[in-house]
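In: Attaching a predicted model along with its sequence, questions to come.
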Amino acid sequence: MDTVEKIVEDFASDIAMSPFSSGTRLRDMIRTIRACKTAAEERAVVRRECAAIRTAISENEPELRHRNMAKLMFIHMLGYPTHFAQMECLKLIAAAGYPEKRVGYLGLMLLLDERQEVLMLVTNSLKQDLNHPNQFIVGLALCALGNICSAEMARDLSPEVERLMRSREVNTKKKAALCSIRIVRKVPDLAENFMALAASLLKEKHHGVLISAIQLCTELCKASKDALEYLRKNCIEGLVRILRDVSNSSYAPEYDVAGISDPFLHIRVLKLMRILGQGDADCSEYMNDILAQVATKTESNKNAGNAILYECVQTIMGIEATSGLRVLAINILGRFLSNRDNNIRYVALNMLMRAIAVDALAVQRHRTTILECVKDADASIRKRALELVFLLVNDTNVKPLAKELIDYLNVADPDFVGDLTAKICSIVEKFSQEKLWYLDQMFKVLSLAGNHVKDDVCHALIVVLSNASELQGYSVRSLYKALQAYGKQGSLVKVAVWCIGEYGEMLVNNVGMLDGEEPIKVTESAAVDAVEAALNRHSTDVTTGSMCLVALLKLSSRFPSTSERVKQTVAQNKENVVLELQQRSIEFSSIIQRHQSIRSSLLERMPVLDEANYMVKRATATQATTSADKIAPAVAPGGLKIPNGVAKPTSAPLADLLDLSSDGAPASTTTSTTTPNDFLQDLLGIGGVSTSPTVVPSTASTDILMDLLSIGSSPSQNGAPVTDFPHPGQAESKPVHAVPEAIDLLGSLSSKTKSAHVVPQAMDLLDGLSPSTSVSGLEKTAHPSITAFQSATLKVTFDFKRQPGNPRETAIHATFTNLTSSAFTDFIFQAAVPKFIQMRLDPASGNTVPANGNGSVTQGLNVTNNQQGQKPLAMRIRMSYKVNGEERLEQGQVSNFPSGL
């Protein structure tokens, strides 16, 4: 009856209350907020409720303080500010009753953190509650201290926490141990106060206390080397006992998880054992028996058991375990690979990659299973398994592993073929002992995944072919057959066309037959047909098209009967929309028509390439790229950290970051530079030719095979932007500004070409200067030099040159002079410009600036001001270098450019 009357009274009081008074219950406020249909309506409800709470705080209503705090915590979780009620938390904590303290401490942990100054006022209340006779109030104080403890509070209250760790109450000891973890993290110097207490707690029977004590021991090992040595001497025996007891314990309902007794305690003990046993042979020897017992007795048909086994394997591989125990651990990982759970297989592959460094032979036993994982449906497992296979390859197993991986190329997922192809090429190059086997495997990869093979791999293959004179006939026949069957594979076409152009007579005459090789019948016309088909199929690829034209030109010399046909095919590209192919067609037609006397000597077979020199150069380029990737720090989007000579795209965010003026005009895109891997670009002597007027191709670096297939340098190497590209069907063509007074390397152009002004004539290297040669376009317009930057240590000067044909473009020659008595090493120059300016950085002359001005470093910049005459040039520069190993950084803004740039 009393209960019914109380319910009626509560109902009547709720009706009398205003819906947004401080007396509103928490559930009513939550119901009102959830009923809001818009964010604005929710904000209005929260604003009214906060106003009512402020009124209650100002009127000091203690009977509603805990209710208001509960509502504020909910409002805080919604993301609204509640800082005005921080003092209310302290008042509730200072109250005598447990309910008020509970709400107060909860609000303290939720609304405040260790950075709040208000927290200093609660230290005294915490100290009083830590000494309270009620264990539940002590638990509240320990919980709050473990969550928001600052360094000052840790020093003040650590004696109370130490005392509570000796308490008889199990929950108090557990919470005190957890609180001490926070104290040790905040003040590592206090670690020595807790070492003996942590070791004594390992003798407890309660699993909660044991887990807390083990976690404290783990934190102590991280905080102090002295603590690590102390625990090695005093805790190993206890940890082994705990692990043995929990492993052999009978069924206990409160600790059982899927039939395994307390897997959480298992894992905590194993982690601490790994820390204590790492690098300590005595501790590791003491652990071996119990680790072997856990590894053999734990069931692997449950997820909890797999978690224990995985942690056990990690511990075995992390300590100084015996070889037999390591083999046992790797065998467990091998069983994991057969599990249906993808997560278990993935962690097993990760662990095996680390285990290779410890015991590669034991991992090799599971090679078959690992290869099956390469064919898994899960992309993450495939990728990780492929990386593991790459680590497993050695001189003895390279052939079967390479065969398995190449066979899988036929059915591999398209998204995975690129990674798989790169790994196969690396394996074949690294471990090949016979050139014939290397060539066979590379031909298979080119046939199955030629579109995914990188240019540097093709270049390396061509270098090997050039040096393998006894295998050139076999190679050209194999590539010819592969070209007939897999003509859509881009890299295969490049290598095959190069070989046919160089060794076409070996193909036709079956020269250099190997034992067991069947001869094939290929006519001169069929060889030309193969190259023509490749040219027609890959006409949009500049590199492949250029290689096909060169191959046809060489075949016209080797097979005189096909000369007229080749001439017609080459002439068809005189009006090609791709400038590189157009120029080659004109020059090659000139060779065929006008230079018969020197054609045979001009088109002789390429000399044997220096394989050793090329391999050294490639390895150096790869190491430089890898080092740059490791050294370059992570930067925010828009911030760039690039080495000298790399073209840097300018964007609005970067301009804003460097405080440069920006403009509403869209940012133009600068082109990429030729990287060390663009070997096939070097083969043809071409840069990145594009029909886009916004692309600025960079100068290709000199390569050992720069002139392998090229007669002259391409216009794309001039580094000027291609603009106003003419269409062959136009009656009146505009001049190509990318090549003013372009050079015809092999003869004068036809009258039709001259009238179209597609490639104006300037010089014929075989016939001397043409009468129409004009050198006015090569004249430069000079501007006065400026001192762009000068400090007590470094001086930077800029020299300027402009071409009259393009007044917006300016070539800047930067000179860096060291004004100190110590040399600058690892010198890097960076520059940023507003988005209406395009910029290209050329490679620097060096990375060491001599001391005392005895020499300098120079670097070229090419800038194009798209708003020339409206806005002046502006640039932000940064120079980084090392002085006696110490890194230095200087930066500034250049605003004194000559007018008119």
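Out: Perfect, I can see it now.

In: From here on, just use CA atoms for contacts and neighbour counts.
Out: Fine.

In: quick one: low-confidence parts of the protein?
Out: Along the chain, segments meeting pLDDT under 70 span 1-24, 621-782, 803-804.

In: in it, which spans are strands?
Out: 256-257, 260-261, 763-764, 768-769, 781-790, 794-802, 809-818, 825-832, 837-841, 856-865, 875-883, 886-894 (DSSP state E).

In: List the buried residues of the fifth one.
Out: It refers to strand 781-790. Within strand 781-790, the residues that count as buried by 16 or more other C-alpha atoms under 10 Å are 783, 785-786, 788-790.

In: For these, give me TSV that also has distance to residue 810.
Out: What follows is the buried residues of strand 781-790, written out as TSV (distance: C-alpha to C-alpha, whole Å):
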residue	distance to residue 810
783	10
785	13
786	14
788	15
789	19
790	22
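
In: now, among the residues you listed, which is nearest to residue 332?
Out: Residue 332 has its nearest neighbour among the buried residues of strand 781-790 in residue 789, at 63.9 Å by C-alpha to C-alpha.

In: in the sheet, who's paired with that closest one?
Out: Each beta-bridge partner of residue 789 is listed here, defined by DSSP bridges: residue 796.

In: From residue 849, how far off is it?
Out: To residue 849, residue 789 is 16 Å away according to C-alpha to C-alpha, to the nearest Å.

In: what does residue 217 give?
Out: Distance from residue 217 to residue 849, by C-alpha to C-alpha: 53 Å.

In: who's more crowded, these two?
Out: residue 217 (28 against 24; other C-alpha atoms under 10 Å).

In: Setting aside sequence neighbours, what's the nearest residue to that one?
Out: residue 198 (6.2 Å; C-alpha to C-alpha, 6 or more residues apart in numbering).

In: surely that neighbour meets residue 218?
Out: No. Shown here, residue 198 and residue 218 do not form a contact pair, counting by C-alpha atoms under 8 Å, at 10.0 Å.

In: so what's in contact with those two at the same time?
Out: By C-alpha atoms under 8 Å, 6 or more residues apart in numbering, residue 198 and residue 218 have no common neighbours.

In: quick one on the thing from earlier: let me know which of the strands of the chain is the nearest to residue 55.
Out: Between the strands of the chain, strand 256-257 lies closest to residue 55; by C-alpha to C-alpha that is 51.3 Å.

In: ok, back up a step: adding distance to residue 566, write the strands of the chain out as TSV.
Out: Formatted as TSV, the strands of the chain follow (distance: least, C-alpha to C-alpha, whole Å):
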stretch	distance to residue 566
strand 256-257	79
strand 260-261	79
strand 763-764	22
strand 768-769	26
strand 781-790	45
strand 794-802	42
strand 809-818	41
strand 825-832	49
strand 837-841	40
strand 856-865	41
strand 875-883	52
strand 886-894	56
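
In: any idea which of those strands is most buried?
Out: strand 837-841 (a mean of 25; mean count of other C-alpha atoms under 10 Å).

In: Just want the angle from that strand to strand 825-832.
Out: Here strand 837-841 runs at an angle of 160 degrees relative to strand 825-832 (axes from the mean of the first three to the mean of the last three C-alpha atoms, to 10 degrees).

In: Pairing partners for strand 837-841, with directions?
Out: Assessed with DSSP bridges, strand 837-841 is paired to strand 856-865 (antiparallel).

In: Outside of the partner strand itself, list whatever touches it.
Out: 808-818, 836-850, 872-873, 901.

In: where's it relative to the chain centroid, distance-wise?
Out: Remark: strand 856-865 is offset 30 Å from the chain centroid, using C-alpha atoms, centre = their mean, to the nearest Å.

In: angle of it against strand 794-802?
Out: Using the same axes, to 10 degrees: strand 856-865 against strand 794-802 is 50 degrees.

In: Output strand 856-865 as PDB - backbone C-alpha positions only.
Out: Extracted in PDB, the C-alpha atoms of strand 856-865 (Å, rounded to 0.1, in the frame of the first residue of the first chain):
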ATOM      1  CA  SER A 856      79.000  26.700 -55.500                       C
ATOM      2  CA  VAL A 857      76.000  24.500 -56.400                       C
ATOM      3  CA  THR A 858      73.800  25.500 -59.300                       C
ATOM      4  CA  GLN A 859      70.300  24.500 -60.300                       C
ATOM      5  CA  GLY A 860      67.900  25.400 -63.100                       C
ATOM      6  CA  LEU A 861      64.300  26.400 -62.700                       C
ATOM      7  CA  ASN A 862      61.800  27.000 -65.500                       C
ATOM      8  CA  VAL A 863      58.800  29.200 -64.600                       C
ATOM      9  CA  THR A 864      55.800  30.200 -66.700                       C
ATOM     10  CA  ASN A 865      53.700  33.100 -65.500                       C
END
